[in-house]
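**Q** How does the following fold in three dimensions:
(one chain, ligands or ions: 1)
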Amino acid sequence: MIIQTKADILPSEITPKEVFDNRREFIQRAGFGLLAGSVAMLSNPLNAASLSSGTLGSGAVGSGTTEGAGRLIGRANAPTSSKAIALGPHQKIAGYSKTLYGAGEKLTSYNDVTTYNNYYEFGTDKAEPAVNSKLFKPRPWTVSIEGEVKKNKVISIDDLYKLAPLEERIYRMRCVEGWSMVIPWIGLPLAQLIKWAEPNSNAKYIEFISMADPQQMPGVNIPVLDWPYTEGLRMDEAMNPLAIMAVGLYGEQLPNQNGAPLRLVTPWKYGFKGAKAIVKIRFTDKMPITSWMKAGPNEYGFYANVNPLVEHPRWTQSSEKRIGAGLFAGRIKTQMFNGYTEQVGQMYAGLDLRKNF
Ligand code: MTE
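**A** So this is what the prediction gives:
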């Protein structure tokens, strides 16, 4: 796919100047040496610079908006309303069990969950992944297991489904940009996958590596991030019962834009930890340097635990906007560990969360 850089559209036309300047500063600090034309299209994590100025970033004005769509691929391809986005095939998942996780939470609509996405391999605007990932092929798919393991292994996505009974987990997802959703994921505990993978005693961390296929993913042709998208967890975090490998949402296989066929979900951490379209899992003895750590080491740390007390250098983390709550709904207070302190708090006892942000 050819990416149109739309050099004819001035950054100032699509992004408030203050926001654009913040992003440009970020990119310069990140030192990617991007072409000037590309800079206009970048919304580093995350569009959030705009939060500090009281407005949300591109597309971040609530339910189903597609405002600003098409920055990466060109406006001609951009949908004009959320209804214009024809979602991919709905493949039901059979035989998963419901759990008590998230009981009573008001779910974010399917439409918002699947049309308001961060997935830079398919574009930097929220509405682009749903459009640009339509032809992405999540099957056949294999995940390779490498590093500090008894032996390297490869597992197909269909066999991965069988490693443990699939469960529905309704989790809050808090993006580092200052918005949140409530999503009914379907998946299996990451701990079950780790058990099958048989890490050895040197394994202290686990690294998740996403697919980076320039043929299928237009965004990887632009150095917005150091591809492939890479994330990581400490082993005890990975073994925490809250951590899941998601294969579906809303009773169906993951839509491409949400990370089909397999993504990580760690609800006490900012959403960027949830690597999508995972093709490789590597066990390591050293803390992996993730894509976002490389892009902005002062802004995006390895732990990335949701923490209302540790501000992002450029915006507040004390509150968030719940997507779909409506244009006039106020911001809600962000909770420590996104409200999952009981389940995860003990893992960070004695750790300075300001230094280890
Ligand atoms: N994984 C990959 N491979 N590429 C990405 O750009 N974005 C991350 C995360 N996983 C991203 C990714 C960010 S910033 C967020 S907030 C969540 O995915 C968004 O997930 P969602 O689009 O399903 O809501």
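**Q** Now do the same for the residue of the stretch 51-200 of the chain found nearest the ligand: its pLDDT.
**A** Among residues of the stretch 51-200 of the chain, the one nearest the ligand by CB to the nearest ligand atom turns out to be N117. It sits 3.2 Å away. The C-beta positions use only the backbone N, C-alpha and C, and glycine is treated the same way. N117 is assigned a predicted lDDT (pLDDT) of 98.
**Q** name the element the closest residue to it other than its chain neighbours belongs to?
**A** Using CB to CB, 6 or more residues apart in numbering and skipping the chain neighbours, the partner closest in space to N117 is P129 (4.1 Å). In this structure, P129 sits in helix 128-132 according to DSSP states H and E.
**Q** ditto for V344
**A** helix 341-344.
**Q** ok, and for that helix, which residues are buried?
**A** Applying a neighbour-count criterion of 16 or more other CB atoms under 10 Å, one finds V344 buried in helix 341-344.
**Q** Other residues contacting stretch 191-200?
**A** Applying CB atoms under 8 Å, 6 or more residues apart in numbering, the set of residues contacting stretch 191-200 from outside is 145, 147-151, 153, 155, 160, 163-164, 206, 235, 238-241, 243, 245, 281, 283.
**Q** hmm, back to that, and the residue of the stretch 51-200 of the chain closest to the ligand, how far from I155?
**A** 26 Å (CB to CB, to the nearest Å).
**Q** more neighbours, the two?
**A** Higher neighbour count among N117 and I155: N117, with 24 against 19, using other CB atoms under 10 Å.
**Q** Provide a list of residues in contact with the more buried one.
**A** Contact analysis of N117 by CB under 8 Å, 6+ apart lists 126, 129-130, 257-258.
**Q** can you check L242 too?
**A** Residues in contact with L242 (CB under 8 Å, 6+ apart) are 171, 266-268, 340, 343-344.
**Q** Please repeat the previous calculation with a cut-off of 10 Å.
**A** Neighbour list for L242: 101, 169, 171, 189-190, 265-269, 337-338, 340, 343-344 [criterion: CB atoms under 10 Å, 6 or more residues apart in numbering].
**Q** What does Y161 show for phi and psi?
**A** Taking degrees, to the nearest 10, you get phi -60, psi -30 for the backbone angles of Y161.
**Q** Burial check on it, number of neighbours?
**A** By the criterion of other CB under 10 Å, Y161 has 21 neighbours.
**Q** got it, and G104?
**A** Applying the criterion other CB under 10 Å, we find 6 residues in the vicinity of G104.
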